[in-house]
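>>> model the structure of this input:
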Amino acid sequence: MNAKAFLMALTTVVIWGSTFAAIRASLHGGYAAGHLVFTRYFIASMIFIILALLPGFRIRVPDKKDLVKIMLLGFVGITLYNIGVTFGELTVSAGTAGMLIGSTPVFTALIAVLVLKERPGAAGWIGLSIGFIGIVLITLGTSGSSFSISQGALLVLMAAIATSIFFVFQKSLHYQYTPLELTAYFTWAGTLPLVIFTPGLFGSIQQATLEANLSALYTGIFPAAIAYITWATALSLGRASTVTSMLYVEPVIAIFVAWLWLNEWPSTLSLIGGIVAISGVVVVNGLGKKHRNISKKAA
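Okay, the predicted model is just below:
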């Protein structure tokens, strides 16, 4: 992964890592889960409409042949993912949701091998395995988290699989569209099905606390809009499996933000798991890159 792809991916996971606590704050502050999902992506959609109308930004109309793929990916990567995370966090803590989403790199790597024919190499698989172990340790060490199969946990895992599919299958579109264009297309496509949650929306917003409304505004601007642009940029510059390995950092950030914001205190085991997870990222992006460079020279 080159330096720009790394920086874009890191920016994304820092923003996304803060999302779980922000979602919990909005849910606890009076938002219904469906209303929160729609509000976030309505805000993001409006941002991209404004950008499309500004002369300095160029968002073309997508080719007809790509419309079905864009609509499907928007539904899977935006609609399903955010329904899974938001409704899951009704019963799953912010930190635990972050851990469960931490399984995304494993699913993405497996799908990338099958679909994109990517080969992470021995160092890549070792790094992914180390990162997954870190996720397990964080989960075991997080207060209230467990491996019992609850509805909330299943919904968040559904979100992890959905976003893995989204990351891999959008790769081919990066050769035809800019990251800004793709992010706008996916956001608009993913927001349309969320209209089903609009009944009672204004009442929910009026009854919500100031913190809840500010959190919803934050998640609509940063995680739902800006972070998807930086992530699309990273994916356009690097291998899907390698870039996605950066998501192992996301649970660490999720725990830290939840600790500061929601007073969810991480245990010693969680901190150890965070160090292990980051080590997995180092292996994938450090040793994995060195191994690929040696292989290319040998060839």
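
>>> could you find the closest non-adjacent residue to residue 132?
Residue nearest to residue 132 in three dimensions, not counting chain neighbours: residue 106, with 5.6 Å by Cβ to Cβ, 6 or more residues apart in numbering. Where you see a C-beta, it was placed from the backbone N, CA and C, and this is true even at glycine.

>>> how many residues are close by residue 283?
20 (other Cβ atoms under 10 Å).

>>> spatially nearest residue to it, not counting backbone neighbours?
residue 127 (3.3 Å).

>>> what helix or strand is that neighbour on?
For residue 127, the host element (DSSP states H and E) is helix 121-141.

>>> list the buried residues for that helix?
121, 123-128, 130-132, 134-141 (16 or more other Cβ atoms under 10 Å).

>>> what is it packed up against?
The contact analysis (3 or more Cβ pairs under 8 Å, 6 or more residues apart in numbering; DSSP states H and E) places helix 121-141 against helix 94-101, helix 104-115, helix 240-244, helix 250-261, helix 268-282, helix 288-298.

>>> what's the first helix or strand after it?
Counting by DSSP H and E, what follows helix 121-141 is helix 151-169.

>>> mind checking the pLDDT average for that next one?
Helix 151-169 comes out with an average pLDDT of 87.

>>> and the angle from whichever helix or strand comes after it to helix 151-169?
The element immediately downstream of helix 151-169 (helix or strand, assigned by DSSP H and E) is helix 179-191. Angle of helix 179-191 versus helix 151-169, following axes from the mean of the first three to the mean of the last three Cα atoms, to 10 degrees, is 140 degrees.

>>> give me the contact list for helix 179-191.
38, 41-42, 44-45, 48, 51-52, 57-60, 62, 70-71, 73-75, 77-79, 82, 166, 170, 173-174, 177, 224-225, 228-230, 232-233, 235-236 (Cβ atoms under 8 Å, 6 or more residues apart in numbering).

>>> could you rerun that using 6 Å?
Helix 179-191 has contacts (Cβ atoms under 6 Å, 6 or more residues apart in numbering) with 41, 44-45, 48, 59, 62, 70-71, 74, 78-79, 173, 228-229, 232-233, 236.

>>> list buried residues within those residues.
Judged by 16+ other Cβ under 10 Å, buried ones among the contacts of helix 179-191: 41, 44-45, 48, 59, 62, 70-71, 74, 78-79, 173, 228-229, 232-233, 236.

>>> using CSV, list the CA coordinates for the helix holding residue 127.
C-alpha atoms of helix 121-141 as CSV (Å, rounded to 0.1, in the frame of the first residue of the first chain):
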residue,chain,number,x,y,z
GLY,A,121,0.7,-14.1,0.4
ALA,A,122,1.9,-15.8,3.5
ALA,A,123,2.7,-12.5,5.3
GLY,A,124,-0.7,-11.2,4.4
TRP,A,125,-2.6,-14.2,5.7
ILE,A,126,-0.4,-14.2,8.9
GLY,A,127,-1.2,-10.5,9.4
LEU,A,128,-4.9,-11.0,8.9
SER,A,129,-4.9,-13.9,11.4
ILE,A,130,-3.0,-11.8,13.9
GLY,A,131,-5.5,-9.0,13.5
PHE,A,132,-8.4,-11.4,14.0
ILE,A,133,-6.9,-12.7,17.2
GLY,A,134,-6.6,-9.1,18.3
ILE,A,135,-10.3,-8.6,17.6
VAL,A,136,-11.1,-11.7,19.7
LEU,A,137,-9.0,-10.5,22.6
ILE,A,138,-10.7,-7.1,22.5
THR,A,139,-14.1,-8.7,22.4
LEU,A,140,-13.3,-10.9,25.3
GLY,A,141,-12.0,-8.0,27.3
